[in-house]
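Asks: please find the sequence and the predicted model below.
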Amino acid sequence: MSQNSLRLVWVYPDLLSTYGDQGNALVLERRALQRRLDVQRVDVRSDQPIPTSGDIYLIGGGEDRPQRLAAERLRRDGGLNRAVANGAIVFSVCAGYQILGHEFINDLGQREQGLGLLDVVSTRGEGERCVGDVLADIDAPLGLPPLTGFENHQGVTHLGPTARPFARVQFGQGNGTGDGTEGAYNETVFGTYMHGPVMARNPHIADLLIKLALDVNALPPVDDRWYDALRAERIAAASQPA
Amino acid sequence: MAGNTGPLSPRAKLAVTAGKAAAAVSRAAGRGSGSVIGGKVALKLDPDLLARLATHLDVVLVSATNGKTTTTRLIAEALRASGPVVSNALGANMPAGITSALAGGSDARYGVIEVDEKYLAGVARDVSPKAIALLNLSRDQLDRAAETRMLAEKWREGLAGTKAVVIANADDPLIVWAASSSPNVVWVAAGQEWKDDAWSCPSCGGVMQRPGDDWFCGECGFRRPTPSWALSGDYVLDPHGSAWPIHLQLPGRANKANATTSAAVAATFGVPPQVALERMYQVQAVAGRFDVVTYMNREIRLLLAKNPAGWLETFSLIDGPPAPVILSVNARGADGTDTSWLWDVDYPRLAGHPIFVIGDRKLDLAVRLEVAGLDFRVCESVDEAVAAAPPGRIELIANYTAFQDVRRRVGN
């Protein structure tokens, strides 16, 4: 891959783009363009094959039935697994995060097989839906400032030995397991329950993915004034629950 | 059919009186019109009151994600050609508000009732409507509302076998899915700009094909029904192929679509399209929406947009650049507390407009506009935004509570 091009794949917007998560694609695209990268964004509908030559793949949240349909079609297609085997980066949110694990509970109440790209298993929580602002500390090795986001899910996601928690919550539920973990990641695959969208609230995550894709340690700075103002406001809001 | 003068049981009469008393107390306490508290008291005393109040009316129910308040007004206006109408014109659209509105219309022949999406099936069961108008369904307040497709499914179950004529938008696959369990449907080609909640077939989950204005599922054959009414440019086409000009004071394509549906509803009660459409011209502003006010010596048009589909329709009706635009977004309970939906709104369409951003969640909007590559200015108040706006009529677009805030401030 050349150092100044970035191929961004937005997976199944027809099924998994219900909670504004296409904002992650927009923020990534914008921040890559601001670094004068040659960005190509491909939106792949669920009746099209997943290209295997992307650098970063994004998957969003969706409703229960579309989630099952997406898992069925991604399993059948196989392209995302091939892309990850080639070293691609995947960032997933909510329903998309569950699909990347070994299994989740589908809209019919049955165990649905995921893609096995993250060592996690998701079940459905018995209690109330987790809804609201979240504040969390991102896993230290990633070197990122605190995570702010909005969660809206019923899922409970348990991490296996080869997945690290993406963050630990200060306020909010995250993975819903009661152990304070939020999201999961390994070398190249990330999952989170955070909407907001998460990269609009945490542009450093977008930059991290770009750095991983380009295999560089730093990127030229961009004007983060509005992101910083929004972060400060939302972090304060999450710390003082209504 | 006779007006609502038939005998109410003593219990129902007491319930109506108690409800009116509670409403008067609520008004006196400065807590709004009192219609909801009045209805709640009345329904508590007589749970069947809504059904009983509706017995003597020809009832039309109107439901949708967007446009239900306006369409309710248009239908009410059209039906007044043939008799007195009672309506929940101010948008109190849950059972208590509906009960309160009907209790106030003892002489009416028609009840034209806006119903919240979640309550449609239940209200339809209670009031035995003659007609039900279904306009559109799309994502709205996902932090607390049911999933959009589940809502269509609930409508479909609730309306199966209804005796009402269902007047439904043939251009919205979710509406077609919801309506097609009903035995008597009048399909209206009312259009729908927003398509992102219906790429997946509501019947089988297959991927929808949408060539031009048509749509169909490539897998199970679920497809757009042939409409008998249509919006075509500035005309309503009726089932006989006649074209009737639409003259509205209300702006935009979406309101022409609402007028087309309203004309189809009026026709089921024998009001001809020409008469119905002429009467609809009377409607100026609906609960402040589309109103043009003068504030700080500036003309401001007040536009309500609550969700991505609503913003899309609103962008298509505003004056072109360089008309100044003020955007205001809140995320209080009634708005939905998650602002993620802002990223499903096509803000790049505002390129070229001077843009001013206010509201509780102005910073979410600022990041959204920054990423869209637009120029904008964040202001602390509507006054600051109005003062900063360059000359020309200002288009002010706000979501629900932000809209109420602005109305209070500009004295509308």
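Replies: Great, that's in hand.

Asks: ok now do the one residue in the stretch 151-300 of chain B that gets nearest to chain A, which residues does it touch?
Replies: Nearest residue of the stretch 151-300 of chain B to chain A, counting by C-beta to the nearest C-beta: B:Trp199, 3.5 Å away. Backbone N, C-alpha and C define where each C-beta goes, glycine included. Counting by C-beta atoms under 8 Å, 6 or more residues apart in numbering or on different chains, B:Trp199 makes contact with A:13-15, A:45, B:207-208, B:210.

Asks: which of these sits closest to B:Ala179?
Replies: B:Met208 (17.0 Å; C-beta to C-beta).

Asks: and for the closest one, the neighbour number?
Replies: 20 (other C-beta atoms under 10 Å in any protein chain shown).

Asks: contact partners for it?
Replies: Contacts of B:Met208 by C-beta under 8 Å, 6+ apart are B:173, B:198-201, B:215-218.

Asks: ok, 10 Å please
Replies: Neighbouring residues of B:Met208 by C-beta atoms under 10 Å, 6 or more residues apart in numbering or on different chains: A:14, A:47, B:173, B:195, B:198-202, B:215-219, B:222-223.

Asks: repeat that for B:Asp344.
Replies: A:17-23, A:197, B:138-139, B:194, B:196-197, B:307-309, B:311-312.

Asks: B:Arg11 looks like it's in a helix, true?
Replies: Yes: under DSSP: H, G, I helix; E, B strand; the rest coil, B:Arg11 sits within a helix.

Asks: who are the neighbours in contact with B:Asn330?
Replies: So B:Asn330 contacts B:336-337, B:339, B:358-362, B:398-405 (C-beta under 10 Å, 6+ apart).

Asks: which SS state does the residue nearest the centre of chain A fall under?
Replies: With distances taken as C-alpha atoms, centre = their mean, A:Ser92 lies nearest the centre of chain A, 2.8 Å away. Secondary structure, three-state DSSP: A:Ser92 is strand.

Asks: wait, doesn't it sit right on A:Thr157?
Replies: No: the pair A:Ser92 and A:Thr157 does not pass the contact test of C-beta atoms under 10 Å, sitting 11.4 Å apart.

Asks: got any residues that touch both of the two?
Replies: A:98, A:101, A:118, A:183-184, A:191.

Asks: buried stuff in stretch A:75-89?
Replies: Buried residues in stretch A:75-89, defined by neighbour count with 16 or more other C-beta atoms under 10 Å in any protein chain shown: A:75, A:77, A:79-81, A:83-84, A:88-89.

Asks: mind listing which of the residues you listed are in strands?
Replies: A:Ile89 (DSSP state E).

Asks: neighbours of residue 123, how many?
Replies: Using chain A here. 17.

Asks: nope, chain B
Replies: Around B:Val123 there are 25 residues (other C-beta under 10 Å).

Asks: so it makes contact with B:Ala54?
Replies: Yes: counting by C-beta under 10 Å, B:Val123 does reach B:Ala54; the two are 9.2 Å apart.

Asks: contacting residues for B:Gly161?
Replies: Neighbours of B:Gly161 in contact, by C-beta under 10 Å, 6+ apart: B:181-183.

Asks: can you lay out these as JSON lines showing pLDDT and distance to chain A?
Replies: Below are the contacts of B:Gly161 laid out as JSON lines (pLDDT from 0 to 100; distance: C-beta to the nearest C-beta, whole Å):
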{"residue": "B:Ser181", "pLDDT": "94", "distance to chain A": "18"}
{"residue": "B:Ser182", "pLDDT": "96", "distance to chain A": "23"}
{"residue": "B:Pro183", "pLDDT": "95", "distance to chain A": "27"}
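
Asks: re the thing from before, tell me the one of the shared contacts of A:Ser92 and A:Thr157 nearest A:Asp38?
Replies: Using C-beta to C-beta, these come closest to A:Asp38 at A:Gly191, 28.0 Å.

Asks: and that closest one, backbone torsions?
Replies: Main-chain dihedrals, A:Gly191, degrees, to the nearest 10: phi -140, psi 140.

Asks: how close does the closest residue to it other than its chain neighbours get to chain B?
Replies: Nearest residue to A:Gly191, sequence neighbours excluded (C-beta to C-beta, 6 or more residues apart in numbering or on different chains): A:Tyr97, at 3.3 Å. A:Tyr97 sits 15 Å away from chain B when distances are taken as C-beta to the nearest C-beta, to the nearest Å.

Asks: number of nearby residues for A:Tyr97?
Replies: 32.

Asks: I'd guess A:Asp133 is in a helix, am I close?
Replies: No: counting by three-state DSSP, A:Asp133 is not part of a helix but strand.

Asks: what residues are up against it?
Replies: So A:Asp133 contacts A:148-151, A:171-172, A:194, A:196, A:201, A:234-242, B:337-338 (C-beta under 10 Å, 6+ apart).

Asks: quick check: nearest residue in space to it, chain neighbours excluded?
Replies: A:Ala238 (4.0 Å).

Asks: so that neighbour is in contact with A:Gln170, correct?
Replies: Yes: between A:Ala238 and A:Gln170 there is a contact under C-beta under 10 Å: 7.7 Å.

Asks: neighbour-wise, which of those two wins?
Replies: Neighbour count, other C-beta under 10 Å: between A:Ala238 and A:Gln170, A:Ala238 has more, with 22 against 16.

Asks: distance between the helix or strand harbouring that one and the chain's centre?
Replies: For A:Ala238, the element it lies in under DSSP states H and E is helix A:225-239. Averaging C-alpha positions (C-alpha atoms, centre = their mean, to the nearest Å) puts helix A:225-239 20 Å from its chain's average.

Asks: flag every buried residue along that helix.
Replies: Those would be A:226-227, A:230-231, A:233-235, A:237-238, for helix A:225-239 by 16+ other C-beta under 10 Å.

Asks: dump these into a markdown table; add pLDDT and distance to B:Asn258 as well.
Replies: Rendered in a markdown table, the data for the buried residues of helix A:225-239 read as follows (pLDDT from 0 to 100; distance: C-beta to C-beta, whole Å):
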| residue | pLDDT | distance to B:Asn258 |
| --- | --- | --- |
| A:Trp226 | 98 | 36 |
| A:Tyr227 | 98 | 39 |
| A:Leu230 | 98 | 36 |
| A:Arg231 | 98 | 41 |
| A:Glu233 | 96 | 37 |
| A:Arg234 | 96 | 37 |
| A:Ile235 | 95 | 42 |
| A:Ala237 | 92 | 37 |
| A:Ala238 | 90 | 40 |
